[in-house]
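K.L.:
predicted model and sequence below, questions to follow.
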Amino acid sequence: MDKSATSREMLDYYLKKSYADAAAAKKSGKKICWATSISPCEFCETLGIHMLYPENHAAAIAARHGAEDMIQVAERKGYCLDICSYARLNLAYADIGRSVAEEMPLPDFLLVCNNICEVVIKWFENLSYELKIPLITLDMPYNYGPEPTERGVDYIVAQFEDCVRQMEIITGNTFDWQRFNEVMDIALESSFWWLKAMSLASANPSPLNGFDMFNYMALIVCLRGKNGCRDTFRKLTEELEEKIRLGYTAFPGGEKYRIMWEGIACWPYLNFTFRTMRNSGMNLTGSTYPVAWALEYDRGDLRSLARAYASTANNSSLPGQIDLRVRVMREYGCEGATYHMNRSCKTMAFLHHEMQGAVSAATNTPFISFDGDQSDPRNFSGAQFETRIQGLREMIDQRRQARPGREGEL
Amino acid sequence: MSQIRELLDCFKKVATCPGKIVREYREKTGKGAVGCFPVYTPEEIPHAAGMLPVGMWGGETTLRLAPSALPSFACSIMQSITELQLQGVYDSLVAVIVSSPCDTLKAMGQKWRRQVPCIQFAHSRNTKIDAAADYTRREYQSIRARLEAACATTISDEAIQTSVRIYNEHRQVMREFSGLAASHPDLVNPIDRHMVMKSAFFMRKENHTVLVKALNGLLAKAAKKPWEGVKIIVSGIMLEPVSVLEVFKQNQIAVVGDDLAQESRQYRVDAPEGADPLDSLARQWLSMYGCSLIPDPEKSRFSLLRSLVEQRGADGIVLCVMKFCEPEEFDYPPMKAYMEKNGINLLQIEIDQQIQSVEQIRTRIQSFAEILRAQRARRASIAQL
Ligand code: SF4
Ligand code: SF4
């Protein structure tokens, strides 16, 4: 990759390359694995297995307005509307093998990790059943308490070991533990630079247009174990630091309001939601995504790796989820929050009620909630979104008036 | 009234007034009841503490308070539970135990807002490796410790051991009952069958076993009569409200077997007896199969249903999909394809505890029954040729 390339160019280059490499690998008989978005990439990467991420692919289909046709394919098979739309899109893709997004070669085996939700267990089970391919499961027991338990960690480590054995059988190669350490180093660095870049959104004004985060995210999901990912986020960090030095703002009229966006983007309406917020002077500075892939562990230590992957936001207890949002609101200077009541994602949506109240009380900020879906375009209403955003702006304004001086700080 | 009818009415009484049963149990024994959320809660642990483990499977209720706490796209059973919880219906329980096999239950454990302690736990979802047994055993150990604190008592290994035996025996008699009920659709209608199953959630199992054994004895002696109606197997989380079962009954549809989480799924596998009762329970969990909530890329549920259809001479399957239950919704498309391939009739209906009218379901069930009847008649005439 050309040294002068911008992080944006690097992002496009590496993403395209990863799909192209996977297609070439498939042709030459190498193994392809489909995996869930926060599954450990370290094992496949060590064995040189190409990993692809159906959630990311489904998001790309939706962002390119190709979801509706595919959803109909899934519906004809019997997948009802209530099922997570990523799953519906991907199960349709697995059936017909094409979409408006990049070509994603069909897998030789699957890796499912339920640290994001239980839906993926059923989704990948169906893929395994229909495609008649092996399914490797990494079960991360739900942390109903404050943190992963020792028994949970023992169990996850045993699954890691079993996963290595299964992958050795599938590929016919021996797992190289030395290489594993190197991969861990890269993945750790990628996570470090991802978080570092994203955390620059805390600057005032933020050098990052928050919706960009949704675009950059594809790389940390898909290529965490590769140098290209690390290099791109290092580059992005440099670019953002430069913008901060120059006092650059991502907003033409200035960033008037800093907002936390809770939940997944509405991919089919990414532009619309972005513009609606921008027209109100709102920048999306806060999100839980930066920490989602900021996986920190001690290199070479499987127990530490287990703890890191078991501690994702979605796998956390309600108090843990509230604390995380309060931290995000504070660190990124958010004055309000929008909660995406995502029809597809029960795991995120069902705790909104408690989360909104607690986060709002702890940070003394208002919030709004809107109905949507990350990739089924039928579950979103533009008019409702606009009204709610306007409502949020008014609530923030009222609070500012009650606390004069606050606007000046911005 | 026949003895069989008397017994069946007795089950119905228990199944339809759990509140009274819990009160009476408390007055008689000085011990309370522990609420067990669906599914696969190791009831043996509260049972060993002398408590009355009661099943929490929602019920018909109008949602007044729930909409402010749970989004409308949560499954109908958890909507009811949320409503009843907010109404304070569960406040007299000593504790509730919540498993976490789906995203909705994970959230439900966290959303519990009453004074009654909530003991959440997570089964191993990877049932293929040995470490899963050890993890689940320790998870059950944690349930025991939290329950001991909630009940201010200790629960010994011996007591759990005894409960394991009681539950194994109960499972055995319930399996027998399912078979006997299938042989006597004229004596046990779909509502009766359901009430026998449901009443198990509100009685100490040793007492339920005695009653079911008595019923089984009578059924075993009763003469078998030919059944003019159709026979079906039902599958899903649960088959309620009773108004839906009433439709089956009115249309002479006999339920000759089930794969419902609320009914036979929990009786499928016994706990192997061993020195460590929590290990027995963990191993039981690992050997369970054929359920949408137990990860299984082989989808053994489908072949299990197929054998059940064959064994019980059923004409088809009614899949009762709980509204907004993703685990069940995911199983439907491949199940549909499997049954089509194997020439088995399958009807999907939606189960909604807040259902206003069963008319739509009635029409679908009636036309399904007509198809099955016509097929049966065709088969009979071919056999005569
Ligand atoms: S959108 Fe939600 S339900 Fe769907 S795969 Fe992601 S975390 Fe799971
Ligand atoms: S009915 Fe389905 S979604 Fe609801 S709690 Fe049970 S398994 Fe979960």
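P.N.:
Now that the structure is in, tell me what you want to look at. Owing to the predicted nature of the structure, the values given are computational and were not obtained by experimental measurement. Numbers count the residues shown, from 1 in each chain, chains lettered A, B, ... in the order given. Ligands and ions are numbered 1, 2, ... in the order given.

K.L.:
any idea how far A:Q390 is from A:F370?
P.N.:
12 Å (C-beta to C-beta, to the nearest Å). The way it works is simple: take the backbone N, C-alpha and C, and place the C-beta from them, glycine included.

K.L.:
of those two, who's got more company?
P.N.:
Comparing A:Q390 with A:F370 by other C-beta atoms under 10 Å in any protein chain shown, the one with more neighbours is A:F370, at 21 against 14.

K.L.:
who does the host helix or strand of the more buried one pair up with?
P.N.:
Secondary-structure element containing A:F370, defined by DSSP states H and E: strand A:367-372. Its sheet considered, strand A:367-372 pairs with strand A:336-342 (parallel) by DSSP bridges.

K.L.:
check whether the partner strand contacts ligand 1.
P.N.:
No: contact between strand A:336-342 and ligand 1 is absent, the nearest approach being 6.9 Å (criterion: C-beta under 6 Å from any ligand atom).

K.L.:
excluding sequence neighbours, find me the nearest residue to residue 266.
P.N.:
As the question left the chain open, I've gone with chain A. A:G372 (4.6 Å; C-beta to C-beta, 6 or more residues apart in numbering or on different chains).

K.L.:
wait, I meant chain B there
P.N.:
According to C-beta to C-beta, 6+ apart, the nearest residue to B:Q266 is B:Y40 (6.9 Å).

K.L.:
which residues sit in contact with that neighbour?
P.N.:
B:99, B:101, B:123, B:266, B:285, B:288, B:293 (C-beta atoms under 8 Å, 6 or more residues apart in numbering or on different chains).

K.L.:
specify the local secondary structure of the residue nearest to the spatial centre of chain B.
P.N.:
For chain B, the residue sitting closest to the mean C-alpha position, by C-alpha atoms, centre = their mean, is B:Q262 at 1.0 Å. Following DSSP: H, G, I helix; E, B strand; the rest coil, B:Q262 is assigned to coil.

K.L.:
tell me the phi and psi of it?
P.N.:
Note on B:Q262: backbone dihedrals following degrees, to the nearest 10 are phi -80, psi -20.

K.L.:
and the nearest residue to it once chain neighbours are set aside, how many neighbours?
P.N.:
Nearest non-adjacent residue to B:Q262, counting by C-beta to C-beta, 6+ apart: B:M238, 3.8 Å away. If you count neighbours by other C-beta under 10 Å, B:M238 ends up with 24.

K.L.:
from B:L286, how far out is the residue nearest to the centre of chain B?
P.N.:
Taking C-beta to C-beta, one finds B:Q262 at 22 Å from B:L286.

K.L.:
list the contacts for the residue of the stretch 1-150 of chain B found nearest ligand 1?
P.N.:
Of all residues in the stretch 1-150 of chain B, the one sitting closest to ligand 1 is B:D103 (6.8 Å; C-beta to the nearest ligand atom). Residues near B:D103 by C-beta under 8 Å, 6+ apart: A:117-119, A:346-347, A:350, B:326.

K.L.:
and for A:F272?
P.N.:
A:F272 touches A:266, A:382, A:385, counting by C-beta under 8 Å, 6+ apart.

K.L.:
quick one: which of those residues is most hemmed in?
P.N.:
A:C266 (26 neighbours).

K.L.:
re the thing from before, is it possible to export the contacts of B:Y40 to a markdown table including secondary structure, distance to ligand 1 and neighbour count?
P.N.:
Below are the contacts of B:Y40 laid out as a markdown table (DSSP: H, G, I helix; E, B strand; the rest coil; distance: C-beta to the nearest ligand atom, whole Å; neighbours: other C-beta atoms under 10 Å in any protein chain shown):
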| residue | secondary structure | distance to ligand 1 | neighbour count |
| --- | --- | --- | --- |
| B:S99 | coil | 19 | 24 |
| B:P101 | coil | 15 | 22 |
| B:H123 | coil | 19 | 26 |
| B:Q266 | helix | 27 | 24 |
| B:W285 | helix | 24 | 22 |
| B:M288 | coil | 24 | 17 |
| B:L293 | coil | 16 | 24 |
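
K.L.:
please identify which helix or strand holds A:L188.
P.N.:
Going by DSSP H and E, A:L188 is in helix A:177-199.

K.L.:
check which helices and strands that helix sits against.
P.N.:
helix A:42-46, helix A:210-222, helix A:227-245, helix A:289-292 (3 or more C-beta pairs under 8 Å, 6 or more residues apart in numbering or on different chains; DSSP states H and E).

K.L.:
so does the second one get close to ligand 1?
P.N.:
Right, helix A:210-222. No: on the criterion C-beta under 6 Å from any ligand atom, helix A:210-222 is out of touch with ligand 1, staying 11.2 Å away.

K.L.:
and the angle for that helix with helix A:227-245?
P.N.:
With axes from the mean of the first three to the mean of the last three C-alpha atoms, to 10 degrees defining the directions, helix A:210-222 sits at 160 degrees from helix A:227-245.

K.L.:
and the pLDDT for the residue in the stretch 251-385 of chain B that ligand 2 sits nearest to?
P.N.:
Nearest residue of the stretch 251-385 of chain B to ligand 2: B:C325, at 3.1 Å (C-beta to the nearest ligand atom). Looking at B:C325, its pLDDT is 97.

K.L.:
just to revisit the earlier point, list the buried residues for the strand holding A:F370?
P.N.:
A:367-372 (16 or more other C-beta atoms under 10 Å in any protein chain shown).

K.L.:
and what of stretch B:263-283?
P.N.:
Judged by neighbour count (16+ other C-beta under 10 Å), stretch B:263-283 contains these buried residues: B:263-271, B:277-283.
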